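[1] from the sequence below, what's the structure:
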Amino acid sequence: MSTQARRRYRRLLGIVSGIAAAGLVVGACSSGGGSSSPSSSATAQSGGTATFALGAGVVPDWIFPFIDSAHSSISNRNQFEYLMYRPLYFFGQNGEPVINDSLSLAYPPVYSNGNQTVTIKLKSYRWSNGEAVTAQDVEFWLNMLAAEKQNWAYYVPGGLPDNLTGYKVTSPTTIVLTLKSAFSPEWFTDNELSQITPLPMAWDKTSATASGSCATTVSSCAAVYQYLYSQAKQVSTYTTSPIWQVVDGPWHLASYQTTGYSVFKPNPKYSGPIKPKLSEFVEEPFTTESAELNVLRSGQLSVGYLPATDIGQKQIIASSGYSLAVWLDAGINYFPYNFNNPTAGPIFKQLYVRQAIQHLINQPQYISSIFQGYASPTYGPVPVEPANPYIDAYEKANPYPFSVSSAHQLLASHGWTVRPNGVTTCTSPGTGASNCGAGVAAGAKLEFNLLYASGVTSVQQEMEAMKSTFSQVGIDLNLSSAPFDQVISSSVPCQPTQAACSWQLDNWGGGWSYSMDHFPNGDLIFGTGAGDNFGSYTSTTADSLIAQSDHVPGTIDTDENYLAANLPAIFMPKADYQLTEIQSKLHGVTPQEPTFNITPEEWYFTK
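    Predicted structure coming up:
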């Protein structure tokens, strides 16, 4: 399953806003966790409404904190659900992707019995209905996972719950987990315990009037899950359903529109150490970056973003009373091949084809011309930027530098008749060293459908540049675009016989962020059967190396280098997550966390 400190980068990251457009994350020209909010000696004021711009095309549309792959995103999890329902362990402190002990619901876990027993003790938190947040709420979530792991977006075979022999509530505030084998405490805490969000007893229902028993009995969870899932699909009832008004976070949802426009008000019964000073926190959606920029120019946003393609307007925005802070993320950018597509899948399974395609991705040019330098390359599962202890020399050196001639040679030497500005065709089928490869029929063509997220200029520019370059070796890309949510709903694991397997290449524009798991070994996105392995990539070698890095310290390089060489996806430049623009009178926004968690309860206005 995963490895030791899952710093995961979630795909969704939501297409990131602003710069993040095409990538999701950390940038080459960026530093640290961004600059601080403007300093001021003025007194903090209570009240006021802070407006937060969502990324172009991003719509928070899932409230149930047991999230499936179709709804898994930064915008749904880190910047929507976590405001209302706090995870057991909250990550992100002072711009570092580490546990924030003060904002976590539990004390640091205690490992014993040779790292096969984990004891979790909860702090004194309460739900907004007055009930305590207890160890039973943690068992509720674990039972749900045991029953519905295939519906959990971050499930990886061998990980939670598979790596547990059991768990037991020993007191109202304590739950003990027993592991099947010894795991690194850092890995298990950051990659496994980081996934848990306690569920309130008020949700243990099979209908509006019938109680369930999922909190104590795994076999009873299916009916409870189906009820809660059905309620979560009814987005128009998010503010009227009594279910979703039971919260333990600092905010509750007061108003919601299906466009994604969300108004949060303080939870008066929040038990955490930082109570909201704002009277309202508003998340405002935009269909395009230009639409957001227009509102930003008018001064109507408290926290907005400057698109990378409009970096020339930095001084104009500053003159309107904003301060710029670069938001970094230790993530990667990529988009998946659908290895199970009945037409394109057999072609994608040929390593030489993937090598040829990667040679056609001109990352340096994209970074300089499209992102104006506010981006960094992606060469494998470990981020190149910012500096981190996991990136090694092999991956950092770029195994597949841009080279049209190398791509041409790879295809021509494997049975393809290359037709520049036409369509390259397999003319030598078979499984020999100079043939097209297993499953590739004579006459097969290198023409693929590529769906990408609309509304973000940099994503569109990258796709158009790719189409032009690919045509030089006869690879024809049929480009189409759709809103971000449609793209991520399309790009899900599937079987060749399923209608949902018609997609071939999908680019949601944001790659992956290690915002829940903090050890970048690629387990959740490239492990066989992983819930977020969108393209159904499978490799017994990769699985073995991933598993090894879970247990044996210092072995991530082997796993990292194999995935960088084997190309489980198309690696793309990773844009800085966002060029955040903050109103001068608003404070507490920075440092921005590389986990993408936001804490507007810390924000306040000054006069």
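
[2] return the distance of the helix-or-strand element of the chain with minimal mean pLDDT from the chain's centre.
    Lowest by mean pLDDT, DSSP states H and E among the helices and strands of the chain is strand 96-99, with a mean of 80. Put simply, strand 96-99 sits 16 Å off its chain's centre (CA atoms, centre = their mean, to the nearest Å).

[3] and the next helix or strand past that strand?
    strand 110-112 (DSSP states H and E).

[4] what packs against that next one?
    strand 117-121 (3 or more CB pairs under 8 Å, 6 or more residues apart in numbering; DSSP states H and E). C-beta here means a position set from N, CA and C on the backbone, and glycine is covered the same way.

[5] ok, and what's touching the strand it packs on?
    Strand 117-121 is touched from outside by 88, 106-107, 109-112, 135, 138, 173-179, 188, 193, with contacts defined as CB atoms under 8 Å, 6 or more residues apart in numbering.

[6] would you mind listing the buried residues in the host helix or strand of A542?
    Under the criterion of DSSP H and E, A542 resides in helix 540-551. Across helix 540-551, burial judged by 16 or more other CB atoms under 10 Å covers A542, D543, L545, I546, A547, S549, D550.

[7] can you tell me which of the residues you listed is nearest G95?
    S549 (25.9 Å; CB to CB).

[8] pairing partners for whichever strand or helix holds P285, with directions?
    Assigned by DSSP H and E, P285 belongs to strand 280-286. Paired strands of strand 280-286, with direction, are strand 49-56 (parallel), strand 262-266 (antiparallel) (DSSP bridges).

[9] and of these, who's closest to Q409?
    The nearest among these, by CB to CB, is strand 49-56 at 38.7 Å.

[10] and for G430, the neighbour number?
    14 (other CB atoms under 10 Å).

[11] where does the stretch 401-550 of the chain dip in pLDDT?
    In the predicted model of the stretch 401-550 of the chain, residues 516 satisfy pLDDT under 70.

[12] mind running it again at 90?
    455-457, 484-485, 510, 512-521, 523-524, 530-532, 547-550 (pLDDT under 90).

[13] how about the stretch 151-300 of the chain?
    In the stretch 151-300 of the chain (pLDDT under 90), the answer is 154-159, 182-187, 190-191.

[14] which pLDDT value belongs to S2?
    Note on S2: pLDDT of 27.

[15] if we can go back for a sec, tabulate the strands paired with strand 280-286 in JSON lines, adding columns for mean neighbour count and distance to L145.
    Output for the strands paired with strand 280-286, formatted as JSON lines (neighbours: other CB atoms under 10 Å; distance: least, CB to CB, whole Å):
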{"stretch": "strand 49-56", "mean neighbour count": "24", "distance to L145": "29"}
{"stretch": "strand 262-266", "mean neighbour count": "21", "distance to L145": "27"}
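
[16] among these, which comes closest to C501?
    strand 49-56 (27.8 Å).

[17] buried stuff in the next helix or strand after the closest one?
    Moving toward the C-terminus from strand 49-56, the first helix or strand encountered (DSSP H and E) is helix 82-84. Residues of helix 82-84 classed as buried: Y82, L83, M84 (neighbour count, 16+ other CB under 10 Å).

[18] with stretch 377-397 instead?
    377-386, 390-392, 394-395.
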